[in-house]
Every structure is written in structure tokens, then in C-alpha cells.
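Chemist: no letters, just coordinates:
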């Protein structure tokens, strides 16, 4: 049953508002009658922003149009010392912020490429290079230099947190205009559900 419901979610494309009908300008009683005939009519736009039953429910957009770097920074700063239960909460709170920085950070967490620097506990996304780690600041998305890997500790995850991250990334992809991306997101959500109910990871 869940597979049928989730599959229908993927097929739901963003609803476009229907054009508002206009009444041609006229004179005399004919124009008045046309205007009167429109009173009490229900606009086809009314309710267009309501999701159809079974439609995809992507994560809500944040209030305001700009990223909240202060809030993201506070959540990221908690990651190094957080236990697994708290990390699951932090991942969900990070995903709710949305914005261009969120998906790369969640993907880096899933790929075990998020580390904290021992001397100041600052968190970075990392790529292994010959000299150590090439650092990226998760709060700006900008390169932050290269440092020896000796000064870094991984922000660890377990299988349960991998499932959490996979589900959050899939929810973000449900907002994609691409049907292929939405299909992949649904398949990933089904995989995550199967694992959470006793299946095995691939």
C-alpha cells in the first residue's frame, strides 16, 4: 500500500495556477448582465494551491527568501559533540532550512565527508588530497584551504543515520521539476522504508 501511495507522490507535478477569466468590456444592459453573471462564480484559481490527495509533500519553504546562516551555523556547530539521536534531529532541522547550501551538506554527511577541526571544533566538508584535506566551509560553500588530516575528526554516522539522510535528500528531490529526479527520490524513500522495517542495506 505504501509503495502505491509513494509512487503517486512522484507523479504529482507542481500545480500551475489556471488563468483568471476576464469579462470583455461592454456598454449598456448587456455589459451589466455579463458582470452580474460572474457574481458568486467560483474562480478556477480558487483552491489551485491546495495539494491534490496523495500529492507529494516536499519539505516546506522557510519563512523569507534568504538562507539563515546564523541558524545553520548553530546547528552545524552542534554536530561534533552530538550523539546519534541528537544528530538525527539536527539533520532534520538542517533540511528544513532549505537553500543552496543544504543538499551539499547533507550529501557530504551521508558520504562521511564532514569533519571537525580538533583545535577549534569548526566543521568542514572535506575532500581527500595529497596534502591532507581540501576544506569547504558548509556555511558559505566556499573553499577554506587545505590542511593536514591529522587535525580532524569525522562527524560519524551509523546505518540509522544513513537512512535518515537518504530520506531527507529524497524529500528535497521531490521538489525537482524533473520527473526522473522525482522517480529516483521515490525509489530511495522506498529503499529507506524497507530498511527501517527490517530489510538490509545494499
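Modeler: Sure, I can see it. Just so it is clear, the model here is predicted, and its values are computed rather than measured.
Chemist: the closest residue to residue 131 other than its chain neighbours: what secondary structure?
Modeler: Nearest-residue entry for residue 131: residue 146, 5.1 Å, with adjacent residues in sequence omitted and distances by CB to CB, 6 or more residues apart in numbering. Every residue, glycine included, has its C-beta placed from N, CA and C. Secondary structure, DSSP: H, G, I helix; E, B strand; the rest coil: residue 146 is strand.
Chemist: number of residues surrounding residue 146?
Modeler: 14 (other CB atoms under 10 Å).
Chemist: ditto for residue 141
Modeler: By the criterion of other CB under 10 Å, residue 141 has 12 neighbours.
Chemist: now the strands for this protein?
Modeler: 114-117, 123-129, 132-136, 143-147, 152-154 (DSSP state E).
Chemist: hey, which of those strands is tucked in deepest?
Modeler: Mean neighbour count (mean count of other CB atoms under 10 Å) peaks for strand 114-117 among the strands of the chain, with a mean of 21.
Chemist: what pLDDT does residue 126 get?
Modeler: The score at residue 126 is 98. That number is its pLDDT.
Chemist: cool, and residue 46?
Modeler: Residue 46 carries a pLDDT value of 43.
Chemist: and residue 57, by the same measure?
Modeler: 50.
Chemist: which helix or strand in this structure has the lowest average pLDDT?
Modeler: In the chain, the helix or strand scored least confidently by mean pLDDT, DSSP states H and E is helix 28-38, which has a mean of 44.
Chemist: run through the helices of this structure in chain order.
Modeler: Assigned by DSSP state H, the helices in the chain fall at 2-11, 28-38, 69-78, 84-97, 102-110, 159-173, 179-196.
Chemist: mean pLDDT lowest where, among those?
Modeler: The minimum mean pLDDT among the helices of the chain belongs to helix 28-38 (a mean of 44).
Chemist: in the sheet, who's paired with the residue nearest to residue 131?
Modeler: Beta-bridge pairing for residue 146 (DSSP bridges): residue 134.
Chemist: surely it touches residue 130?
Modeler: No - Residue 146 is beyond contact range of residue 130, at 9.2 Å (criterion: CB atoms under 8 Å).
Chemist: hang on, the earlier thing: for the strands of the chain, give me JSON lines that also has distance to residue 182.
Modeler: Below are those laid out as JSON lines (distance: least, CB to CB, whole Å):
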{"stretch": "strand 114-117", "distance to residue 182": "27"}
{"stretch": "strand 123-129", "distance to residue 182": "26"}
{"stretch": "strand 132-136", "distance to residue 182": "28"}
{"stretch": "strand 143-147", "distance to residue 182": "32"}
{"stretch": "strand 152-154", "distance to residue 182": "32"}
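Chemist: between these, which one is nearest to residue 84?
Modeler: strand 152-154 (13.5 Å; CB to CB).
Chemist: adjacent strands (with direction) for that closest one?
Modeler: strand 114-117 (antiparallel).
Chemist: and the contacts of the partner strand?
Modeler: Identification of contacts with strand 114-117 by CB atoms under 8 Å, 6 or more residues apart in numbering yields 79-80, 105, 108, 122-126, 133, 138, 147, 151-155.
Chemist: same thing but 10 Å
Modeler: With contact meaning CB atoms under 10 Å, 6 or more residues apart in numbering, strand 114-117 is reached by 76-77, 79-81, 105-108, 122-126, 133, 135-136, 138, 144, 147, 149, 151-157.
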